[in-house]
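S.K.: Provided below for reference: sequence and predicted model.
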Amino acid sequence: MAETWVNSARGIGADLHVELDGPGGRRAALIRALRDAVRSGRLVPGTRLPPYRSLAADLGVARNTVADAYAELVAEGWLTARQGSGTRVAERAEPLKGGTRVARKAPTRAGGPRHDLRQGTPDASAFPRAAWLASYRRALQQAPNEVFGPGDPAGRVELREALTEYLARARGVRTAPGRIVICSGFAHALRLLFGGGVLRGPLAIEAYGLAFHRELLTSTGVRTVPLPLDEDGARVDLLARERGVLLTPAHQFPTGGPLHATRRAAVVDWARARGTVVLEDDYDGEFRYDRRPVGAVQGLDPERVILVGSVSKSLSPALRLGWMVLPQRYVDGVLAAKGEREAWASVLDQLGLADFITTGSYDRHVRRMRQRYRARRDRLVAALAEHAPHIEVTGVAAGLHAVLRLPPGTERSTVKAAAWQGVALDGLDAFRHPRTATSAGDGLVVGYATPSEHAYGAALDALCGLLPPP
Ligand SMILES: Cc1ncc(COP(=O)(O)O)c(C=O)c1O
C-alpha cells in the first residue's frame, strides 16, 4: 500500500493523507482517494495539487499514473487544470454536507456532471491547437498595420473571400464576398437581423428548437409561430402570413431529420410568392455521415434565403465567429445594425480563420472530426442495440447529437434519473415551443460529441444504465 501527504498551497490543515489501496490498480485507487478527499472536504476548492512528478515520486507510482488520474478528475469536474496555475480542486466542487459518507447524488452536486451528454458542444479536447496556432501566427505576421485599427463591420475581406469559396464547395452556397457579413455566431445574427430592424415578425419557427433562440427573438419583440414537424421535417405547407421562416434544413434541431427535397423547394416558392425570406440555420451542415452533406437551401435562391453559419460546432463555440450570407437587399441594413466599426468578432481571429480555411486546415479538421463523431455515433447505436434494444435511436445520419425515443410517459423520470446519476442531458420537451399543439413524443437528446474521447465509453455505460425497461 503506497501512501503520502499532499501538501496544500491553500490554508492550514488541508494536508492530505492519500492511501492507494482497493481494487482496480493504482490509477483507479488514486482517483478514488482524491475524489473522496474532495467530497469529504479534506481538499477544499482552490487547493493546488502537487505536480505529477512529485506526487508520483512520493507515492512510488509512474508519472503517467498521476497524470491520468488528474485528467480523469478534470474531465469529471472535480479538478481544474490551467496553464501556469497547475491542477486545483474545482471551485464548484463543494464538499458533501454531513461528513464523509458518500451519497448517491454527490457527483452531480459537486464539480458538474460526471458524464456530459448535453447537445450543443463539439469535443473540446479535439480543438486543433497546433494548426490554429500556425494559422494565427501566419495571419499575425502577414497582417498589414491597418489590421490593428478599427475593423470593417462587414468583416475582413480575406475571410469573406475564403468563406465564399469554402461555402460554395462544401455547402453549395452561391454568394460573393460583398454579400457576406461576419458576425459572432447565430445568436448574434438573430440580434442583428431582428434587433437591428432588418427583419420583422411574425416569424415561423420549427415547433422544436433552442429555447435560447426563441427567447432571444421574443426579447427583440418578435412573435414566433410554431411550425409542426413530421418525418419530412417542418410542415412548410402550413406557412401562411408570417413575414419569414427560420429553419434548420440540413438537420432539424433537435429531432434530427433533413428537410425533404420537395419542402426545400416549397419553402423557397412560398418566400418568393409572399416576398418574404427563409432564414437558414446551417449549424452543423458539415457533419453528415452516411452520404454527402445535404446542400444549403440558400443555393436554390440566394435572393430569398439568408444562410447563417458559425464555427461553434466545427471548431469551438468559444471563438464566437460566424457568417451571414445575405440577399443583396439586406446587406446595407445589416451593416447599419453592426455600426461603424466591428464591435464583436475579433479581426485577428477573423484573419486566423481565413488562413485556417485557405490552407486546408479547416477541411482537414472537419474530416477528422467527422470520422471521430461517426465512430461515436456507431458506438452509441451499438451500445443501445446491445443493452437497450427496445429504445429506438433517430436523427443519427448527421450532426453531433441523436434522439433516443422513450416509451410514452417516461421522459421526465428518465431525465431526473440521469441527473441523479450524474449524467447531464436533456429531454425532448426542453426544446418544445410553448405554444405548439404537436408533440414529438418522449425522448432524450444525446450530445455524443461532448465528452472527451477517453470519457465517452463510461458516459455510454451510464446512459444505457438509466434507460427505462421495455
Ligand atoms: C440549433 C443551433 N443553431 C445554431 C447554433 C450555433 O450558435 P452560435 O453560432 O450562436 O454559437 C447552435 C449551437 O451550436 C445550435 O444548436
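M.R.: Looks like it arrived, so ask away. Residues are numbered from 1 along each chain as shown.
S.K.: tell me who's in contact with V297.
M.R.: Contacts of V297 were listed using CB atoms under 8 Å, 6 or more residues apart in numbering, and they are L247, P249, L259, R264, V267, V268, V278, E280, V305, L307. Yep, even glycine has a C-beta here, placed from its N, CA and C like the rest.
S.K.: isn't A131 right up against I357?
M.R.: No - counting by CB atoms under 8 Å, no contact exists between A131 and I357, whose distance comes to 11.4 Å.
S.K.: more crowded one of these two?
M.R.: I357 (22 against 17; other CB atoms under 10 Å).
S.K.: which helix or which strand is home to the more buried one?
M.R.: Following DSSP states H and E, one finds I357 within helix 347-358.
S.K.: quick check: buried residues in the longest helix seen in the chain?
M.R.: Looking across the chain with DSSP state H, the single longest helix is helix 361-387. Taking 16 or more other CB atoms under 10 Å as the neighbour-count basis, helix 361-387 is seen to contain the buried residues 361-362, 365-366, 369-370, 372-373, 376-377, 380, 383-384.
S.K.: one step back: remind me what the helix holding I357 packs against, helices and strands.
M.R.: Of the remaining helices and strands, those touching helix 347-358 by 3 or more CB pairs under 8 Å, 6 or more residues apart in numbering; DSSP states H and E are helix 129-142, helix 157-171, helix 361-387.
S.K.: and the shortest one with helix 361-387, angle?
M.R.: Going back to what we said before, that points to helix 129-142. Interaxial angle, helix 129-142 versus helix 361-387 (axes from the mean of the first three to the mean of the last three CA atoms, to 10 degrees): 160 degrees.
S.K.: how about the second one?
M.R.: Between the direction of helix 157-171 and that of helix 361-387, the angle (the same axes, to 10 degrees) works out to 40 degrees.
S.K.: name whatever forms a beta bridge with V278.
M.R.: The bridge-partner assignment for V278, based on DSSP bridges, gives V245, V305.
S.K.: contacts only, for it.
M.R.: Remark: with contacts taken as CB under 8 Å, 6+ apart, V278 is in contact with G244, V245, L247, V267, V268, A271, V297, R304, V305, I306.
S.K.: how close does it sit to the ligand?
M.R.: For V278, the distance to the ligand equals 15 Å [CB to the nearest ligand atom, to the nearest Å].
S.K.: begin at 50, not 1, for the rest of this chat.
M.R.: I'll keep to 50 as the first residue from here, and by that count the last item is V327.
S.K.: show me where pLDDT drops low in the stretch 100-249 of the chain?
M.R.: Low-confidence segments of the stretch 100-249 of the chain, defined by pLDDT under 70: 141-160.
S.K.: where does it come near the ligand, residue by residue?
M.R.: Residues of the stretch 100-249 of the chain lying close to the ligand (CB under 6 Å from any ligand atom) are G169, G234, F235, A236.
S.K.: right, and the second one touches R369 too?
M.R.: Yes - G234 lies in contact with R369 (CB under 8 Å); the separation is 5.6 Å.
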